[in-house]
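Engineer: Here is my input, please return the structure:
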Amino acid sequence: MPGPVALVGAGEFTPAMVEIDRGLLQATGRRRPRVAVVPTASAPDGEVTFRRWAAQGIEHFSALGAEVEAVLVRNRAEADDPEHAQAVGEADLIYFSGGKPDHLLEVLEGSLVWTAALEAHARGAVLAGCSAGAMVLAARQPRLRRRVLPFPLGWQTGLGIVPGTAVLPHYDRFPEALAAIVVLQAPRGTTILGIDEETALVGRDRSWQVQGQARVTVWQGHRRVRLRAGDVLRL
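Structural biologist: Below is the predicted model:
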């Protein structure tokens, strides 16, 4: 049976996420779960940043009692490294941290590492993505223009772990009027999940629960629903 999926708005490896991540580790059913931290999305920001996210992930999950390995995949060649694929494939929780979503999608799609992640997930491993990591796990991903206004130039196909959806992370950080413009440009039938920082949507078998500090805003066409911790959503 496939494992749970966690979509996190922001705040990976911080104290605010301890209870959520403890629950993800418990969901593995392992006394000492293996965690693979994959900081690929941060690689365009430089080696120092990339290494810092890896170290933070190791420190965070080790403190929660897990056996943790940072899988240092920066580019497509490294995503096709059999050793990296093996590390991901053996994990009970695979965590894709934040950064640049376009880079993460380009590196992972069709790679050995992503194939290993899918196989691990199929046998019950948890897949978690924060910010950019959450965006790529959805069915659709907006491509944003950064120089003027954050309006999408278009939409691309994501990795599709959560069918029929697109994720807008850091939702509480930008005006909702801009979010509404993004929503109106989304492909027909796409459910938009606006996930606040320090908040997660955790699901399995189409049943999803809000966890964390703030809210998840669900857009289905022009209809908007606010959900708070403990609320359940069917997707």
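Engineer: Would you agree residue 157 is in contact with residue 138?
Structural biologist: No: in this structure, residue 157 is not within contact of residue 138 by C-beta atoms under 8 Å, at 9.7 Å. Every residue, glycine included, has its C-beta placed from N, CA and C.
Engineer: Comparing those two, which residue is more hemmed in?
Structural biologist: Neighbours per residue (other C-beta atoms under 10 Å) separate residue 157 from residue 138, with residue 138 holding more: 27 against 12.
Engineer: How much space separates the more buried one from residue 163?
Structural biologist: The gap separating residue 138 from residue 163 is 9 Å, by C-beta to C-beta, to the nearest Å.
Engineer: which SS class is the residue lying closest to residue 89 once chain neighbours are set aside?
Structural biologist: Among residues not flanking residue 89 along the chain, residue 116 sits closest, at 3.6 Å (C-beta to C-beta, 6 or more residues apart in numbering). Using DSSP: H, G, I helix; E, B strand; the rest coil, the structure places residue 116 in helix.
Engineer: Under the pLDDT cut-off, which ranges of the chain? List them.
Structural biologist: By pLDDT under 70, the weakly predicted segments of the chain are 144-153.
Engineer: where along it do the strands fall?
Structural biologist: Taking DSSP state E, the strands of the chain run over residues 5-8, 34-38, 67-70, 93-96, 126-130, 138-144, 152-157, 162-168, 191-195, 199-204, 207-212, 215-220, 223-228, 232-234.
Engineer: in the sheet, who's paired with the most centrally placed residue in the chain?
Structural biologist: Nearest to the mean C-alpha position of the chain, by C-alpha atoms, centre = their mean, lies residue 129 at 1.7 Å. Applying DSSP bridges to residue 129 yields these beta-bridge partners: residue 7, residue 96.
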